[in-house]
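> any chance you could fold what I've pasted below:
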Amino acid sequence: MTEIDEVRYELAGGVARITLAAPSRLNALTPQMAGRLVALCDQAEREARAILLAGEGRAFCAGVDLSDPSATPGPEMDGGLILEAHYNPMVRRLKALSIPLVVQIQGAAAGLGMALSLMGDVIVAAEGAYFLAPYSRIGLVPDGGVPAMLTRSVGRIRAMQVLLLADKLTAARALDWGLITEVVPDADLAQRALSLAVRLAEGPTVALAGTRRLCWEAGEVDFEAALALERRLQATIPATEDCQEGNRAFLEKRPAQFIGR
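Here you go, the predicted model:
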């Protein structure tokens, strides 16, 4: 199979659905798949107003494909080079998206699959889903931004629990910790995730982009810098067609019809 076969793209109703499609290995990532995902994010920003990221089969993503000799830890291997060349650009691209990202999770979201899942702005998990950072089991440190995202989301002690002990984090506990948006019955997962993606795709796209940027940067800057960013964004958002429509709809007591500009 090629990277095109293993990461599929479909566009419908303003939603770009990107599917990890290597179910025989639980959608474990290769460098080629990471590059394909970056390219599809570029395409989605041109064509869509929201992205729905999913995995085919019984798992979301089991991490990096360790059956690939080039990705298998060894004494002569600089794993940092592989991260910088392939997987860090992937998570950086997802963070920098100008449209909302919904992630739907079933089964395992492990290793770099956990990193991918946590990049979502809205994260919907099936009841049977779980997260796993197995790095300590194989003598590695976690990567893909997982330590930073976990610590900022749930605090240092809970992050240490997940990363040092390498135990499964159930969907129910992840929800209780505030790490994901909601948990739904397995049979309802696809429809619920799609409905949320459609809802976001029908929203004020420019304003949503500003909101996701504010939230991402809130964990990285001090309060004054956060206020300054809000000020810069509010200098241009009121001029968008969607903001003008939103104000008119409010005054006319009707639902707004946003067009993404």
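> so residue 99, which of the three states?
Under DSSP: H, G, I helix; E, B strand; the rest coil, the three-state class of residue 99 is coil.
> that one and residue 45 touch, don't they?
Yes: Residue 99 lies in contact with residue 45 (CB atoms under 8 Å); the separation is 6.0 Å. For glycine as for every other residue, the C-beta is placed from the backbone atoms N, C-alpha and C.
> who has more neighbours out of those two?
When neighbours are counted by other CB atoms under 10 Å, residue 99 comes out ahead of the other of residue 99 and residue 45, with 25 against 17.
> list the contacts for that one?
Contact analysis of residue 99 by CB atoms under 8 Å, 6 or more residues apart in numbering lists 44-45, 48-51, 200-201, 205, 208-209.
> between those, which is nearest residue 145?
Of all those, residue 51 has the smallest distance to residue 145: 17.8 Å, by CB to CB.
> so who does that closest one touch?
By CB under 8 Å, 6+ apart, the contact set of residue 51 is 15-18, 41, 44, 97, 99-102, 197.
> I'd say residue 21 and residue 6 touch.
Yes: look at residue 21 against residue 6 with CB under 8 Å: they come within range, at 5.4 Å.
> what mean pLDDT does stretch 36-43 have?
Summarised as a single mean, pLDDT over stretch 36-43 is 97.
> now do stretch 129-149
Mean pLDDT, stretch 129-149: 91.
> what's that stretch in contact with?
Stretch 129-149 has contacts (CB under 8 Å, 6+ apart) with 60, 63, 73, 79, 83, 87-88, 91, 105-112, 114-119, 150, 159, 162-171, 174, 179, 183.
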